[in-house]
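# Predicted model and sequence below, questions to follow.
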Amino acid sequence: MELKELFQIRRSVRSYQEGKTVERSVIEEILRGAQMAPTWKNSQTGRYYVVDTPEKLSEVQKTCLPSFNQKSSSHACALIVTTFVRDVAGYTAGNPDNEMGNQWGAYDLGLQNAYLILKARDLGLDTLIMGIRDEKELRRQLDIPENEDVAAVIALGYGDGEPAFRPRKDLDEIVKFY
Ligand SMILES: Cc1cc2nc3c(=O)[nH]c(=O)nc-3n(C[C@H](O)[C@H](O)[C@H](O)COP(=O)(O)O)c2cc1C
């Protein structure tokens, strides 16, 4: 699909078709798409915890998401929990290269997550990035190591309906040319 078209049709989807599944090979293709994003010194510190078995999916939804995100992600085929390894991106020999510190790791992960949701849409799947989640419970459920920061949980599935486009700010509100 043309990138222009992908930009136009991608939405955050909060309702998924029941009874659908997605092959692990498709999830892997999506994650390979995410890996194509640029990262700080190619450090590739993003990590992905994929929950795609029905029992674990419902356990993670119930224990790690607030009720509104549980509802939005119900019938999703998978939840992809995204993290990054701390103190690598933006760091040299354990010291931060500048004032941003670990925000560079989050920056890299955000770029990868952007590629991820676009690749998913390219393959006919929908997504919802969820930043409101229980970090401690995710660590416990998925054995996420202490040297990783937990970021978003991304629901992946086949959307039910077509959400409206959420308007973007005018360029002159966010851009200055010099
Ligand atoms: C970092 C981040 C965290 C988000 N967290 C949530 C969330 O917890 N629950 C939710 O319903 N939507 C969440 N969203 C989705 C945004 O509300 C959505 O992207 C925004 O309203 C624009 O809509 P669109 O994605 O359809 O273009 C999140 C998006 C981002 C990028």
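Noted; the coordinates are in hand. Numbering: from 1, shown residues only.
# so who does Thr21 touch?
If you count contacts by Cβ atoms under 8 Å, 6 or more residues apart in numbering, Thr21 has them with Cys77. For the C-beta atoms, the positions are set from N, CA and C on the backbone; glycine is no exception.
# Quick one, grab the pLDDT at it.
If you check Thr21, the pLDDT there is 96.
# now it, what's its secondary structure?
Here Thr21 is recorded as coil under DSSP: H, G, I helix; E, B strand; the rest coil.
# could you check the distance from it over to Ser15?
The gap separating Thr21 from Ser15 is 17 Å, by Cβ to Cβ, to the nearest Å.
# Can you spell out which helices and strands pack onto the longest helix along the chain?
Counting residues, the longest helix found in the chain (DSSP state H) is helix 103-122. Here helix 103-122 touches helix 3-9, helix 24-35, strand 46-51, strand 78-85, strand 126-130, strand 148-157, going by 3 or more Cβ pairs under 8 Å, 6 or more residues apart in numbering; DSSP states H and E.
# and these as TSV, adding mean neighbour count and mean pLDDT?
Formatted as TSV, those follow (neighbours: other Cβ atoms under 10 Å; pLDDT from 0 to 100):
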stretch	mean neighbour count	mean pLDDT
helix 3-9	11	96
helix 24-35	16	98
strand 46-51	20	99
strand 78-85	24	99
strand 126-130	23	98
strand 148-157	23	98
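# Leu118 is nearest to which of those?
Among the helices and strands packed on helix 103-122, helix 3-9 comes nearest to Leu118, with 5.3 Å by Cβ to Cβ.
# And the closest one, how far out from the chain middle?
Helix 3-9 sits 18 Å away from the centroid of its parent chain (Cα atoms, centre = their mean, to the nearest Å).
# I'd like to know how far Phe165 sits from Gln8.
To Gln8, Phe165 is 8 Å away according to Cβ to Cβ.
# Now Met1: closest residue in space that isn't a chain neighbour?
Using Cβ to Cβ, 6 or more residues apart in numbering and skipping residues adjacent in sequence, the residue nearest Met1 is Asp122, 5.2 Å away.
# let me redo that: Ile129
Ala152 (4.8 Å).
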